[in-house]
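S.K.: The following comprises the amino acid sequence and a computationally predicted model.
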Amino acid sequence: MNASARPAGRSTGARGIFEHPLILALLSSRGIGPALPALAYLVVFMVIPFGLLFSFAFLTVDRGEVVPWSFSLEHFGSALGDYLFWRIAWRSFWVGALSTLVCLLLAYPVAYLYTTLGSVARKLLLVAVIAPLLTSALVRVYAWIVILGGRRGLMNTVLLELGLVERPVRILNTDWSVLIGMTQIHLPFMILPLIAVLVAREVEIENASLNLGAGRVETFFRVTLPLSVPGIVAGTALVFALSYTNFIIPQLLGGGNYTTLAVQVYEFVVVILDWTKGAVRASLLLGSCFVFVLLIVWAGRVATRWTEARLS
């Protein structure tokens, strides 16, 4: 009798927890209620830290302490008036934009191939795409250092042994090595959104285009490619944000003299201990990244509306 009563008591207690008015309100709400826990998490661990970081950009920090009544816009004016800052900002944008473009050119054929394969082949291809994400980005960057290293690097060893080059090729600590690392590490983030969109596309529209006399190439550029615009926009925004704000790849593959905005933030905050300048660069980096992502999304919406108007 007692043994049978205990589970009932535990289940009654569990039901009592889920019957709490606050829990019921969150579960039954159709508005913002179910998202409140996630929003609270974001506020505590993202909004508040970003707010503190942004506030340091307007204050003077001396020896780890904020100088009272030191609020000023001079720190932003000093950064924006510095030619070196704009040169580094351009390098950050150039590397992010170019790596995003290369990722798109490499990812689209893979995503399109996925839609033409059978069930087993799709699973194998998906595993091959996701597998690199199971390894730390830092480990993969060090692997590229081994591959792209000097004379004893794997790439130069193979090229010299095959007689394809007479002298070692210098790629490490250049723009090319950063571009290679960015592309390889961020490529899955471009492939996965494209796969999701291409799998869900309406194949009947492509068949109708083929039946009306259009070739496969014309159908691809006039039907398939426009239908995949949402995936292109999502992948482009994601990869650009990751590449534009990346710190590890430029720091390790670019060498000590290769500086981007993210690397400069690290140097000011950790090496020089100038929190004010670091906060200014970090604020400008995150703010400009947010603007670029908004522009990408806006351009995607315009392209989507134009595509829908053409296909309707």
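M.R.: Here it is on my side, so go on.
S.K.: which residues of the stretch 201-312 of the chain score low on pLDDT?
M.R.: Applying pLDDT under 70 to the stretch 201-312 of the chain picks out residues 308-312.
S.K.: meant to ask about the stretch 1-150 of the chain
M.R.: Looking at the stretch 1-150 of the chain by pLDDT under 70, you get 1-33, 62-70, 150.
S.K.: ok, which stretches of it are helices?
M.R.: Secondary structure of the stretch 1-150 of the chain (DSSP state H, counting those that start in this stretch): helices at 2-18, 21-28, 36-42, 48-56, 74-80, 83-116, 119-130, 137-148.
S.K.: For residue 112, give its distance to residue 239.
M.R.: 18 Å (CB to CB, to the nearest Å). All C-beta spots, glycine's among them, are computed from the backbone N, C-alpha and C.
S.K.: I meant to write residue 222 there.
M.R.: The value you get for residue 222 to residue 239, if CB to CB is used, is 26 Å.
S.K.: Between these two, which is the more surrounded one?
M.R.: residue 239 (27 against 15; other CB atoms under 10 Å).
S.K.: helices and strands around the one helix or strand the more buried one maps to, which ones?
M.R.: Per DSSP states H and E, residue 239 falls inside helix 229-244. On a contact count with 3 or more CB pairs under 8 Å, 6 or more residues apart in numbering; DSSP states H and E, helix 229-244 meets helix 83-116, helix 175-200, helix 275-311.
S.K.: Quick one: list the elements packing against the longest one.
M.R.: It stands for helix 275-311. For helix 275-311, the elements it packs on are helix 48-56, helix 74-80, helix 83-116, helix 225-227, helix 229-244, helix 261-266, judged by 3+ CB pairs under 8 Å, 6+ apart.
S.K.: tilt between it and helix 83-116?
M.R.: Taking axes from the mean of the first three to the mean of the last three CA atoms, to 10 degrees, one finds helix 275-311 and helix 83-116 inclined to each other by 40 degrees.
S.K.: got the buried residues for helix 275-311?
M.R.: Residues of helix 275-311 classed as buried by neighbour count (16 or more other CB atoms under 10 Å): 275-286, 288-289, 292-293, 296, 300, 307.
S.K.: The shortest one now?
M.R.: The neighbour-count criterion (16+ other CB under 10 Å) identifies 175, 177-195, 197-198 as the buried residues of helix 175-200.
S.K.: Nearest spatial neighbour of residue 186, chain-adjacent residues omitted?
M.R.: residue 239 (4.8 Å; CB to CB, 6 or more residues apart in numbering).
S.K.: ok, so what distance separates the one you found from residue 182?
M.R.: Counting by CB to CB - residue 239 and residue 182 are separated by 9 Å.
S.K.: which residues are common contacts for these two?
M.R.: By CB atoms under 8 Å, 6 or more residues apart in numbering, residue 239 and residue 182 have these common neighbours: residue 99.
S.K.: doesn't residue 155 make contact with residue 148?
M.R.: Yes: counting by CB atoms under 8 Å, residue 155 is a contact partner of residue 148 at 5.9 Å.
S.K.: hey, what's in contact with both of these two?
M.R.: Residues touching both residue 148 and residue 155 (CB under 8 Å, 6+ apart): residue 171.
S.K.: In terms of neighbours, single out the busier of the two.
M.R.: More neighbours surround residue 148 than the other of residue 148 and residue 155, with 22 against 17 (other CB under 10 Å).
S.K.: what residues are up against that one?
M.R.: So residue 148 contacts 155, 171, 172, 177, 180, 253 (CB under 8 Å, 6+ apart).
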